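**Q** what follows is a predicted protein model with its sequence.
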Amino acid sequence: MNHMFFLTAFAVQWLAIFGMAILIVGLIRQVGMLHERLGPVGALTLTGGSKVGEEARVFILPSLNGGTVVIGGKAEDGLSTIIFFLSPTCPICKIMLPIIRSMAREYAGSTRLVLASDGDEAAQRKLIEREKLEAYPFVLSTDLGRAHGVGKLPYAVLLDEQGRVAAKGLINNREHAESLFEAQRIGIASIQDYMARQEMAG
């Protein structure tokens, strides 16, 4: 009697384990399908300003950290340029700065970082000092922001070595910033472009 009981209990346990394994496999498959439907989470591109794929307007601007900065056009050093638009009064910009500096070091062999803002110069210089941004070109230009359709912050524009707009968008975390480089790599303009292609393919 006890022997039959243990055999039955053993069989029930194995059936339960087998059922749970099937359930887990099903859940993993559903997560994979959801990930495929959502596509990459990337920087949100705003309307207006420069368009991905077009040649960006060239700006020659003085840097608050000294020297002159050429933004756009064919890069003599063969590097891409990522322009990070920020403001001393933008709290998310302050959160993003350590991430942007980390990425600037990571991509130093292929991309240079340019910081861009507008408004009160004294406030910008305090930001540079407080956040230790002396190592990077820092330009003040309302026209630069307008040229790229910057309406909200923090915003970034990635120009390739030929001076074309490779990717652009609002960046609120590292994943958003990384998505600009991924967009450049695979030739997708933005998350909106990706979703539109997925809808057409589906």
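**A** Structure's in. What do you need?

**Q** in a strand, Pro98, correct?
**A** No. The assignment for Pro98, made by DSSP: H, G, I helix; E, B strand; the rest coil, is helix rather than a strand.

**Q** what's the closest non-adjacent residue to Gly78?
**A** Glu161 (5.3 Å; C-beta to C-beta, 6 or more residues apart in numbering). Heads up, the C-betas are built off the backbone N, CA and C, glycines and all.

**Q** count residues in the vicinity of the one you found, would you?
**A** Under the neighbour criterion other C-beta atoms under 10 Å, Glu161 is assigned a count of 16.

**Q** quick one: residues contacting it.
**A** Lys74, Ala75, Gly78, Leu79, Ser80 (C-beta atoms under 8 Å, 6 or more residues apart in numbering).

**Q** please apply the same query to Gly73.
**A** Gly73 touches Val58, Gly163, counting by C-beta under 8 Å, 6+ apart.

**Q** over to it: give its phi and psi.
**A** The phi and psi values for Gly73, taken as degrees, to the nearest 10, are phi 80, psi 170.

**Q** and which of the contacts of Glu161 is nearest Arg105?
**A** Leu79 (13.9 Å; C-beta to C-beta).

**Q** which element is the residue lying closest to the closest one once chain neighbours are set aside on?
**A** Nearest residue to Leu79, sequence neighbours excluded (C-beta to C-beta, 6+ apart): Arg112, at 5.0 Å. Using DSSP states H and E, Arg112 sits within strand 111-117.

**Q** kindly give a single ChimeraX line that selects the buried subset of the contacts of Glu161.
**A** Buried members of the contacts of Glu161, defined by 16 or more other C-beta atoms under 10 Å, are picked up in ChimeraX with:
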select :75,79,80
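
**Q** and the gap between the most centrally placed residue in the chain and Gly73?
**A** Closest residue to the average C-alpha location of the chain: Ala177 at 1.8 Å, with C-alpha atoms, centre = their mean. Using C-beta to C-beta, to the nearest Å, Ala177 is found at 23 Å from Gly73.

**Q** just Glu131 next, same as before
**A** For Glu131, the distance to Gly73 - C-beta to C-beta - is 28 Å.

**Q** please apply the same query to Val165.
**A** Taken as C-beta to C-beta, the span from Val165 to Gly73 is 13 Å.
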